[in-house]
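S.K.: Got a sequence here, can you build the structure:
(one chain, ligands or ions: 2)
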Amino acid sequence: MCGLRAQPLDAQNNREGRRRLLQELGDQKIPFLGPTDQGYQQLWDSSYAGLVLRRSCSVPVELHSHVQAAFLTLRKKGCLLRDLVRVRDRDVFTAVSRALLGEPGHTYRYLDTRLFTKPLGLGDNEKPVAQLKHSLSDYHIEDKENQEDRCSQPSSPCLCTGPVKFNVTLLNFMDPAAMSHIKEEPYCGMGKMAVGWHHDENLVTHSPVAVYSYSCYMAPGEASSDPSISERSYWRIGLKVAWDIHTPGLMLPLESGDCYYMRDDLNSTHQHCVLAGDTARFSSTHRVAECSKGTLTYIQSRCQEALSNLRTDPETGSHSLLALLPTTLQLCEEIHNEVEFEWLRQYWFQGRRYTRFCRWWSRPMEQLESDWRLLETMEEDGRAGDNRREMAETLLSALTDRHQQRQTWRDRCHSTLAQTLPPEEAPVDRPFWGVDDPRMPLPFDLAEIISRVESKPQKCLP
Ligand SMILES: O=C(O)CCC(=O)C(=O)O
Ligand SMILES: [Fe+2]
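M.R.: Numbers count the residues shown, from 1 in each chain. Ligands and ions are numbered 1, 2, ... in the order given. Model prediction:
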């Protein structure tokens, strides 16, 4: 499952590239074509071949109704929340509310935010989503003739590769009526954007992304009057070739229940955005996340690797290090930072929201935190080593990095945006401890230690 990580250049996150592109564009807009425009199909075939649409009518009726009911229940239970993500060094709330479902112990990282899965297929609300995932992964991408027959049944799985093994599902929800402000799409003038231009991050190279779209034409419980198509405007997907202002963009309107796929390298060569329609809408996006460093099993084994260098005296309970080689210490430092910043702080930054609907992560997080605490004690032993100078240099870069990252997480936790969240969802700056905490040999704030190490490289160590 774990291949190379796709690292597309992202115009959204590349300030310089973005500036240059906008400058070249000036007052002009990039043209785009929709289904009623001439040349739409040719443009799709020539420049967007990795995009595949599967119409609502090829999905079983019961699946639609189960999946849609599950979405509504998940939302009612408060599982879908806006993420406080980081874009170009600034914190912003996503316009859409999200929840991550998927393989137990898996995570998905986007915009400096690690989302933790609610295991898929266990609870009643997740089962239909698991069925949907199954249905989408068995879909053999049709040939041209089939594609033109808009309601063809999906054919059997592709024999050469087998079904796709999606490991995470990111659910999205947005009700435009509840938003005070929705950004306009800047490059083409496609309209209001629910999700800005981006590449999907953290995917296995060339992993397809399969999306199911559900527009709530009627509020739940509202009398079923046939919605007049002319009276509502559709949700649409916008696509454009990355770093290209000459190829026209493509706009794909979606009926409720439609699915689309981004296949091959479409996600890395192109950007996509989601354009809001008039109604509230859910989407269920199925992906193969690159998780070589993104599973609980992975980080647990990393901690074990570091802790295998720690000996606990069976009588006194005191700890000592087995090896004091700089390379060993260096490795321990890296693992220390990884578990603290990629797992513990990521988790607690998202507040107690996970425990509201999923207790799955509570115990593992406690365990990781106690491993991390042992790593804090190891460090002190490292300082007592013989080759102090070399040791100090080894420790210095890890300590500086740790100090800076702790500062960033502190700031993020106390930002004005974070403060607008209700207590249950508000970021928690954890782990945190006071200067007089007897269990913690090192202080939370490393500034003093760092400056001591820097100023007296010979006998620097406390
Ligand atoms: O809602 C959609 O159709 C796609 C959403 C999307 O692009 C994303 O979640 O990455
Ligand atoms: Fe996306």
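S.K.: Residue ranges in the stretch 251-400 of the chain under the pLDDT threshold?
M.R.: When residues are selected by pLDDT under 70, those of the stretch 251-400 of the chain lie in 379-388.
S.K.: Can you name the residues of it sitting close to ligand 1?
M.R.: Contacts of the stretch 251-400 of the chain with ligand 1, taken as C-beta under 6 Å from any ligand atom, map to 272, 274, 283, 285. Bear in mind the C-beta positions are built from the backbone N, C-alpha and C, glycine included.
S.K.: And what about the first one, helix, strand or coil?
M.R.: Put plainly, it is residue 272. Secondary structure, DSSP: H, G, I helix; E, B strand; the rest coil: residue 272 is strand.
S.K.: Report the beta-bridge partner residues of the nearest residue in space to it that is not next to it in sequence.
M.R.: For residue 272, ignoring the flanking residues on the chain, the nearest one in space by C-beta to C-beta, 6 or more residues apart in numbering is residue 239 at 5.0 Å. Counting by DSSP bridges, residue 239 is bridged to residue 250, residue 272.
S.K.: picking that back up, give me the buried subset of the residues of the stretch 251-400 of the chain next to ligand 1.
M.R.: 272, 274, 283, 285 (16 or more other C-beta atoms under 10 Å).
S.K.: Now do the second one against residue 293, distance only.
M.R.: Counting by C-beta to C-beta, to the nearest Å, the gap between residue 274 and residue 293 amounts to 28 Å.
S.K.: returning to what we had before: which two of the residues of the stretch 251-400 of the chain next to ligand 1 have the greatest separation?
M.R.: 272 and 283 (11.9 Å; C-beta to C-beta).
S.K.: Work out for me the element the residue in the chain that ligand 1 sits nearest to sits within.
M.R.: Closest approach between the chain and ligand 1, counting by C-beta to the nearest ligand atom: residue 283, at 3.2 Å. Here residue 283 sits within strand 280-287, counting by DSSP states H and E.
S.K.: Are we agreed that residue 194 is in a strand?
M.R.: Yes - secondary structure of residue 194 (three-state DSSP): part of a strand.
S.K.: Just the pLDDT for it.
M.R.: With respect to pLDDT, residue 194 scores 97.
S.K.: now swap in the one 4 residues further on and tell me
M.R.: The predicted local distance difference test score for residue 198 is 95.
S.K.: right, and it touches residue 274 too?
M.R.: No - counting by C-beta atoms under 8 Å, residue 198 does not reach residue 274; the two are 9.7 Å apart.
S.K.: The residue of the chain closest to ligand 1 and residue 29: what is the separation?
M.R.: In terms of C-beta to C-beta, residue 283 sits 26 Å off from residue 29.
S.K.: Residue 78 too?
M.R.: Distance of residue 78 to residue 29, given as C-beta to C-beta: 40 Å.
S.K.: Kindly report the same for residue 180.
M.R.: In this view, residue 180 and residue 29 are 26 Å apart by C-beta to C-beta.
S.K.: So those two - more neighbours on which side?
M.R.: residue 29 (15 against 4; other C-beta atoms under 10 Å).
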